[in-house]
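>>> Fold the following for me, if possible:
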Amino acid sequence: MEWIVLIILGLAAAILGSIMGLGGGIIIVPALMILSAYTAFFEGITPQTAVGTSLLVMIFTGLSSTLAYMKQKTVDYKAALIFFCGSGPGALFGVWLNKDINTNNFLVFFGCFIIIVSFILMVRKYIKPLKRRGAGITRSYTAPGGETITYGFQPSVAIAISFVVGMCSGLFGIGGGSMMVPAMILLFGFPPHLAVATSMLMIFLSAIVSSLSHISLGNVEWLYALALIPGAWYGGKIGAAINRKMTSQAVVNMLRIFLVIIGIRLIYQGITG
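This next block holds a predicted model:
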């Protein structure tokens, strides 16, 4: 039964993560931590192993989603590589921060972080992109309807933001898209579909860096990962297909509610544990 739960968890996390450009770790990590409190099968899960296992699984979610988005031609490769210049080192720093963190403190911090993410997802649709100042990289994207959208960013600002995103990825085991996608839309004017697709490529690259570090530290539960990976692979493809055909607002609303519930549950578990 536990194996079926892991397969379904990997599938659901990857579908939602791919639709929103989140990566899926923001669902896998708290789910593993909560399961560890209810069944002996997961009793060996610690914050470190939950994060390490999640990041390994996200390599497959990120690769699957990125390949699907590449076929849709919605990936900005140049932007993704610039963002990775910050998220890669940030991920390594996050792994270093994660190694000595206390379990109860981790649960409280992560619960608060998830609730903040839910608030970001709530307001992102209602805030117009900030105007860019000074020279920087300017790009354009032609939407399926024929509309040409211009967006751009300062590389130094983009790298600084992505460093923080990468740090959160290595620390909490999330892909970082929960922060990067809103930043790309609000700060740099990315079209939402392009932001999601580009975020998944950055998540794929960052997950490789941070998961290798966690593997070297022995923070990966390989049996759990093997059960999660098939669902993550196919979920990434399914999520990309759904993203292309529908507006993500309904999914955002459901995910927001889900994240608030999970966040409160983790904070409670951390305080009472």
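
>>> In the stretch 1-150 of the chain, where is pLDDT below threshold?
103, 124-135 (pLDDT under 70).

>>> That one: strands as residue ranges?
Along the stretch 1-150 of the chain, counting by DSSP state E, counting those that start in this stretch, strands occupy 137-142, 148-153.

>>> looking at these, which is buried most?
strand 148-153 (a mean of 15; mean count of other CB atoms under 10 Å). In this view, the C-beta of every residue, glycine as well, is placed from N, C-alpha and C.

>>> And the next helix or strand past it?
Under the assignment DSSP states H and E, the closest C-terminal helix or strand after strand 148-153 is helix 155-172.

>>> quick check: angle from that following helix to strand 148-153?
80 degrees (axes from the mean of the first three to the mean of the last three CA atoms, to 10 degrees).

>>> then helix 155-172 to CSV, C-alphas only?
Extracted in CSV, the C-alpha atoms of helix 155-172 (Å, rounded to 0.1, in the frame of the first residue of the first chain):
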residue,chain,number,x,y,z
PRO,A,155,21.3,39.8,-15.4
SER,A,156,22.7,40.9,-12.0
VAL,A,157,19.3,41.2,-10.5
ALA,A,158,18.2,37.9,-12.0
ILE,A,159,21.2,36.1,-10.7
ALA,A,160,20.8,37.6,-7.2
ILE,A,161,17.1,36.5,-7.1
SER,A,162,17.8,33.1,-8.4
PHE,A,163,20.6,32.6,-5.8
VAL,A,164,18.0,33.0,-3.1
VAL,A,165,15.6,30.7,-5.0
GLY,A,166,18.4,28.1,-5.3
MET,A,167,19.2,28.4,-1.6
CYS,A,168,15.6,27.6,-0.7
SER,A,169,15.7,24.7,-3.2
GLY,A,170,18.7,23.1,-1.5
LEU,A,171,17.5,23.9,2.0
PHE,A,172,13.8,22.8,1.7
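
>>> and the next helix-or-strand element following that helix, what does it pack onto?
Downstream of helix 155-172, the next assigned helix or strand under DSSP H and E is helix 177-186. Using 3 or more CB pairs under 8 Å, 6 or more residues apart in numbering; DSSP states H and E as the contact criterion, the elements in contact with helix 177-186 are helix 2-20, helix 77-98, helix 103-123, helix 155-172, helix 192-216.

>>> Kindly recompute the last result at 7 Å.
Under the contact definition 3 or more CB pairs under 7 Å, 6 or more residues apart in numbering; DSSP states H and E, helix 177-186 sits against helix 155-172, helix 192-216.

>>> how distant is stretch 50-70 from the center of its chain?
Stretch 50-70 has its C-alpha centroid displaced from the chain centroid by 9 Å (CA atoms, centre = their mean, to the nearest Å).

>>> for the stretch 151-273 of the chain, what are the low-confidence residue spans?
Ranges of the stretch 151-273 of the chain meeting pLDDT under 70: 175, 247-252, 254-255, 269, 273.

>>> distance of residue 99 from residue 4?
Counting by CB to CB, to the nearest Å, the separation of residue 99 from residue 4 is 32 Å.

>>> which one of the two has more residues nearby?
Applying other CB atoms under 10 Å to residue 99 and residue 4 shows that residue 99 carries more neighbours, namely 14 against 9.

>>> Does that one touch residue 216 like I think?
No. At 10.9 Å, residue 99 and residue 216 do not qualify as touching, with contact defined as CB atoms under 7 Å.

>>> what is in contact with these two at once?
Here residue 99 and residue 216 have no joint contacts, going by CB atoms under 7 Å, 6 or more residues apart in numbering.
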